[in-house]
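J.: the following comprises the amino acid sequence and a computationally predicted model.
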Amino acid sequence: MSFPDVRPRRLRRTPALRRLVEETRVAPSELVLPLFLKEGLTEPRAISSMPGVVQHSRESLRKAAHEAVSAGVGGLMLFGVPTDEHKDATGSAGLDPSGILNVGIRDLVAEVGDSTVIMSDLCLDEFTSHGHCGVLATDGSVDNDATLAIYADMAVAQADAGAHMVGPSGMMDGQVGVVRHALDKAGYQDTSILAYSAKYAGAFYGPFREAVESTLQGDRRQYQQDPPNLREALREVDLDVAEGADIVMVKPALAYLDVIAAIRDRVTVPVAAYQVSGEYAMVEAAAANGWIDRDRVIAESLTSIKRAGAQIILTYWATEVAQRLR
Ligand code: PBG
């Protein structure tokens, strides 16, 4: 059978028909809200390259967490932004129980407890004076194995603070296994790992650098992945799953839908994607100029990321979209 007996348009005729055959639907519980907590703030501070996103004070963080939970958001991913005086060559404030990230985790646990999943960024870049995701060797390169030892302690500090899930995002070789081992040894068998498995060294993280006041000179190409490579992402994912990753993540999202789809086909663990700061900023900027329909573009981009195979999406629009979906 073919045309004129077959007419695909029949199923598109009314909103009710389209709803009936809709293949992909995003739910609030699949959205994770990234949050920035800045040490020493008494009021939230705007991030100019991410209109609508702020660096939180401890008080405004608690309020934002509560709002997200009320909207049904599936998780919160916390980033800590220390003051300059608390940055050093090894990122020691990341391990300090009174460091800003660990303080923020405790605040979230106290505020929303088990009503959502509390996740913490497990990486040194916000805490190092040089802005790299690890410690430096004498030649200035990032020392993989020395960094792993620090990640192990940082993971335990975050679990001590009450994080349900840690998100190693530094792209060091072996990071998932080392973190898993350290957590288990400290009695945190049930703290899970969201592995940033395929994280690309692209240009979409620009606004995030402002959000966390990054001091980075240069780039992360010696540890994050090269954008042209897909098979390499599969290799990274295989290693992370073998090392005990509970969830694997692709980042950025929209420019890497093929990577999401390939990974979805390959693994049985949940697949997440991070719609990053640059993706957010592009939509907000175009919408502010009246060039696109903001809300529809947001919905379409999230639907596309889910259609590609990500069942969990980190997005700065999580609360807003979850509210709209309810
Ligand atoms: C590293 C980290 C980065 C982001 C999340 N975790 C920055 C980087 O890799 O340079 C970027 C998130 C975004 O751009 O929204 N800790």
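T.: Sure, I can see it.
J.: show me which residues of the stretch 201-326 of the chain are close to the ligand?
T.: Within the stretch 201-326 of the chain, the residues that sit near the ligand (CB under 6 Å from any ligand atom) are 205, 208, 220, 276, 277. Every residue, glycine included, has its C-beta placed from N, CA and C.
J.: go again with 5 Å.
T.: Neighbours of the ligand within the stretch 201-326 of the chain, by CB under 5 Å from any ligand atom: 205, 208, 276, 277.
J.: would you turn those into CSV with pLDDT and secondary structure?
T.: Shown next, in CSV, are these (pLDDT from 0 to 100; DSSP: H, G, I helix; E, B strand; the rest coil):
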residue, pLDDT, secondary structure
205, 96, coil
208, 94, helix
276, 98, coil
277, 98, helix
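J.: of those residues, just the buried ones, PyMOL syntax please.
T.: Selection of the buried residues among those in PyMOL, burial being defined by 16 or more other CB atoms under 10 Å:
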select buried, resi 205+208+276+277
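J.: can you map out the strands along the stretch 151-300 of the chain?
T.: Remark: strands assigned in the stretch 151-300 of the chain by DSSP state E, counting those that start in this stretch are 165-168, 192-199, 247-251, 271-274.
J.: in TSV: the ones you listed, plus distance to residue 260 and mean neighbour count.
T.: Output for the strands of the stretch 151-300 of the chain, formatted as TSV (distance: least, CB to CB, whole Å; neighbours: other CB atoms under 10 Å):
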stretch	distance to residue 260	mean neighbour count
strand 165-168	17	26
strand 192-199	9	27
strand 247-251	5	26
strand 271-274	5	28
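J.: could those go into CSV alongside mean pLDDT?
T.: Output for those, formatted as CSV (pLDDT from 0 to 100):
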stretch, mean pLDDT
strand 165-168, 98
strand 192-199, 98
strand 247-251, 98
strand 271-274, 98
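J.: need these in a markdown table with distance to residue 133, can you?
T.: Shown next, in a markdown table, are the strands of the stretch 151-300 of the chain (distance: least, CB to CB, whole Å):
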| stretch | distance to residue 133 |
| --- | --- |
| strand 165-168 | 10 |
| strand 192-199 | 10 |
| strand 247-251 | 13 |
| strand 271-274 | 15 |
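J.: between those, which gets nearest to residue 182?
T.: Set against residue 182 and scored by CB to CB, the strands of the stretch 151-300 of the chain come closest in strand 165-168, at 10.0 Å.
J.: now do the contacts for residue 309.
T.: 260, 261, 263, 264, 265, 271 (CB atoms under 8 Å, 6 or more residues apart in numbering).
J.: nearest residue to it in space, please, no chain neighbours.
T.: Excluding its sequence neighbours, the residue lying closest to residue 309 (CB to CB, 6 or more residues apart in numbering) is residue 264, at 2.9 Å.
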